[in-house]
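> sequence and computational prediction follow.
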Amino acid sequence: MPTKAKKAKSLPEGQLDHHAIDEFEDVPIRSNIEENNKIMEELFKDSSDIVLRKFEIENGPKALLCYVDGMVTTSAVDDALKALMILEGDAFTIDRITEQTLPVAQASKIQFYKELLTNLLSGDSVLFVDGQDTAVCLGLRGGIRRSVAEPETETVVRGPREGFNEHLRTNTSLVRSKIKSPRLKLKSFVIGTETNTNVILAYMAGIVDPRLLEEVENRLSDIKIDGILESGYIEEFIQDQGYSPFPQVQTTERPDTVAAALLEGRVAVMVDGTPFALIAPFGFWQWLQASEDYYERFMAATLLRWLRLASLFIALLSPGLYIAVSTYHPEMIPTNLLLSIAASREAIPFPAVVEALIMELAFEALREAGIRLPRIVGQAVSILGALVVGQAAVQAGIVSAAMVIVVSMTGIASFTLPRYNAAISIRLLRFPIMLLASIFGLLGIMIGVMVIVGHLSKITTFGVPYLAPVTPVELSDLKDVMVRAPWWKMNKRPKYLGNNNVRRQRPQS
Amino acid sequence: MTKSKCWRVFSITVCMGLLLVLTGCWDRREINDVAFVLASAIDKEGDNIRVSVLIPLPGNMGSTGGGGGSGGQKPFAIKTETGKTVREAVSKLQFRLPRHLFFGHRRVIIIGEQLAREEGVSTIFDAVTRTPENRLTAFIAISEGKAQDVLNADTRLERFSAESMRELLQSEASVRITLKDVIGKIISIGEDAFFPYIEKVKTKIKGQESEDVLIEGFVMTHNGKMTGTIKGNAAIGLRLLNHSFRKYDETFNDEGNFMTIAITEAQISIKPVMKNGELSFRIHSMVKASVNEDRNLDRNYDDYETRQRIEKIVAERVVDNIKLAIESMQKSNCDAVGFGLQAYRAYPQAWTNQYRRDWGTIFPKIEFEVTAKANLFRLGMSSKNLGRKEQ
């Protein structure tokens, strides 16, 4: 089929509305308005939201205005029509119309159908004028949008409360208002043969490593898919290791997080229609960095980092450790604690590993149900969970109290990780660790941890080692890993992300 | 995915799956299937060795912890069996139990007096140290009479007699002696092991009957065999000589008035002296004392002479205690303090040539010169007796 488009300048064969927009590349806009009208009518047959408004310019040629109902600001369209209808004079060229007549901020000239369709369907209004083989694209976008609200997945105590929404331009403006510099580049891509989704690649020129930028650009333009509905599609296409359980791209709803990442020399990808922007590269140590770390005092932030690191290990290992120690190495538990555990386990009919799996699955199910259910029902779920899992199961002698404690500790620990996609991977890996623990004891846990660490040290995120800057070590970058150094000490950008503009504070003279 | 990659993933999955249906000798053991031995007692019975173990019964402990066995049911059981060796008795015992005996939590080992006297402790050491399950930090003690009876003491204060014995053996009433320490002492030459000597006593108040475990003193051994005991003031002397000193009280009679003085700190120096080819030891003890109670209302502590006199009395008592300890050590032929080791360190040549081989016969005849100095450094909250009328 694309060979048809190669021929250029001729319409695709058969029914026009059975072809993707790409096939209209290089199809020129006709100078005869009736012909254009016919094409448009054929293209948008049975599309009730497309408005084709025919009118005549006073003492002049016929014209046709097209727009998508609901995606334009109607009053602005009215104003444009008013200006056009009373147009006086005799030279009805497109140049005169765009440059002198139209009271519209954004107006551009279009010569081919592909561009026309893309703009029209993104919310622009398109004006054909009889006798002109150029159409005018009027940026009168409007329609209903969600307002800028507090991001729900990344709340902070201290820090900006604004989050991205589904409208790409709102999102870019939020970032632009953080970084008022011409260095901030917002490069546009259109991905998806049917959805034609606008995707923005944001970076700081002169700070970002050009090789990283080129790599991301290549990966983005290599995506060939019919639709992009969320940034998750793009994440899976552009990450380095498709089969790794660990996320290699960070997702965020916060403009300040994106701005901070750009200033460090990372790149961000924003997708129209979703509040979640992608940030790359994303390594292991970013798992522990919350945006609030940089707003709170550095000592508190450091303490929280350590807490999160400990929580990470608790979330990953504690059910496994409980199983291993209680079934293989009871000598490791202090005697009195062991007796308490033994007393609580006395009537339990299941082996520890089955007990742990039951509880973990129940917990995961509760969590999932709590997210999916309408908010009003959510409360009922938490009551059920607390009563059934927490109390009744223990009283009925199905699970032991010790196991409930272990599982709830695990759950709380996994909530402390600020990156949700990283926390999910930890939740996932907990189950193999539990199975290994039940088969090989502590030895199995060691095997599991070694495999995980080996994998972590092998994978990369956009060419950057996943565990950087710890391995390979970059001493000056360690100021933002296990500790968060005070801002006046962090005078350099992370070196592992590139070396071309490292200094972020001017040296004192 | 390529075909070979698919095949690799498939075969690994199958192998992992097969692993689950394999019946190997898993050493996985649920807590419900294990009987944790908290303490064991080893006695001699005829030619055999009787091993008794104390096992907690989790079902009787109350599931929410604490509480203790309600309804008069004890939260523990004692099982016993005999055998030619300790391990034989244990494996015979295992046949009678539905749960696997696990010795990793044994914190107390009690040896019966008869076994200690006739067979010696060394004989059972192999059994309690050979397998890695055993804790070398377990406390070890020798009981007066049958060890099994002590194990069965109903102390009421703790859930298990093992627990109360463990607390007692690491308290100020005793010297912490673990398996590890005993092994160290047994294998070194010029030193003999000593053990806490425990006994079961009864509290006889109506409605409050209970049994307690009392630490009477220490058992002296020579070459691993029990040769005697050391009690009372002599036991205090042994503790002063030993570097593991703990604070204790003593009551003195000063010109007809009783006063109790606590010895809070003690330092000992033991110096081997070689004079004219004769080995002797010079022992000097420095103690710090503080007044706990004084029945003499009129004593004036501001008076330097008075304080000096008290210090002298304390020092004399310390010397007496140490002399008593040495006397009974010599009588039992037990070098519990390691005088031989001190001599070896000071005069290695003479020790190897002269004393090493016959230390057992030489030690009871060695001369000791004991001195002491006391320092009365704390008089309590008031230097004057508050019960005295102001004059």
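Now that the structure is in, tell me what you want to look at. Numbers count the residues shown, from 1 in each chain, chains lettered A, B, ... in the order given.
> neighbours of residue 73, how many?
By default, I'm working from chain A. Applying other CB atoms under 10 Å in any protein chain shown, we find 15 residues neighbouring residue A:73. All C-beta spots, glycine's among them, are computed from the backbone N, C-alpha and C.
> should've been chain B
Residue B:73 is flanked by 11 other residues according to other CB under 10 Å.
> before we move on, what about the one 3 residues further on?
Counted with other CB under 10 Å, the neighbours of residue B:76 add up to 21.
> pLDDT wise, what is the residue lying closest to residue B:167 once chain neighbours are set aside at?
Excluding the flanking residues, the one nearest residue B:167 by CB to CB, 6 or more residues apart in numbering or on different chains is residue B:158, at 7.0 Å. pLDDT recorded at residue B:158 is 82.
> just residue B:270 next, same as before
92.
> shouldn't the residue nearest to residue B:167 be in contact with residue B:168?
No. Counting by CB atoms under 8 Å, residue B:158 does not reach residue B:168; the two are 9.6 Å apart.
> compare these two (neighbour count), which wins?
Between residue B:158 and residue B:168, counted using other CB under 10 Å, residue B:168 has the larger neighbour count: 22 against 14.
> any idea how far the more buried one lies from residue A:426?
Residue B:168 sits 46 Å away from residue A:426, going by CB to CB, to the nearest Å.
> what do you get for residue B:141?
According to CB to CB, residue B:141 and residue A:426 sit 49 Å apart.
> for chain B, what lies in contact range of chain A?
B:19, B:26-32, B:34, B:36, B:38, B:56, B:58-59, B:61-65, B:102, B:104-105, B:107, B:133, B:135 (CB under 8 Å from any CB of the partner chain).
> which residues does whichever residue of the stretch 151-300 of chain A sits closest to chain B contact?
Residue of the stretch 151-300 of chain A nearest chain B, by CB to the nearest CB: residue A:243 (9.9 Å). Going by CB atoms under 8 Å, 6 or more residues apart in numbering or on different chains, residue A:243 touches no other residue.
> that one - that's part of a helix, no?
No. Using DSSP: H, G, I helix; E, B strand; the rest coil, the secondary structure at residue A:243 is coil, not a helix.
> are any of the residues of chain B next to chain A buried, and if so which?
Neighbour counting by 16 or more other CB atoms under 10 Å in any protein chain shown classes B:28-32, B:34, B:36, B:38, B:56, B:58, B:61-63, B:102, B:104-105, B:107, B:135 among the residues of chain B next to chain A as buried.
> now for the one helix or strand in chain B whose mean pLDDT sits lowest, which elements pack on it?
When each helix and strand of chain B is scored by mean pLDDT, DSSP states H and E, helix B:122-129 comes last, with a mean of 81. When contacts are defined as 3 or more CB pairs under 8 Å, 6 or more residues apart in numbering or on different chains; DSSP states H and E, helix B:122-129 sits against helix B:86-96, helix B:179-187.
> what is the burial count for the residue lying closest to residue A:440 once chain neighbours are set aside?
Excluding the flanking residues, the one nearest residue A:440 by CB to CB, 6+ apart is residue A:447, at 6.6 Å. The number of residues packed near residue A:447 is 15, by other CB under 10 Å.
> what does residue B:12 give?
Neighbourhood size, residue B:12 [other CB under 10 Å]: 10.
> from what I see, residue A:250 and residue A:284 are in contact.
No. If you go by CB under 8 Å, residue A:250 and residue A:284 don't touch, sitting 11.5 Å apart.
> mind checking the longest helix of chain A?
What stands out as the longest helix in chain A, according to DSSP state H, is helix A:298-327.
> what are the buried residues along it?
So, applying 16+ other CB under 10 Å, buried residues of helix A:298-327: A:298, A:301-302, A:304-305, A:308-309, A:311-312, A:314-327.
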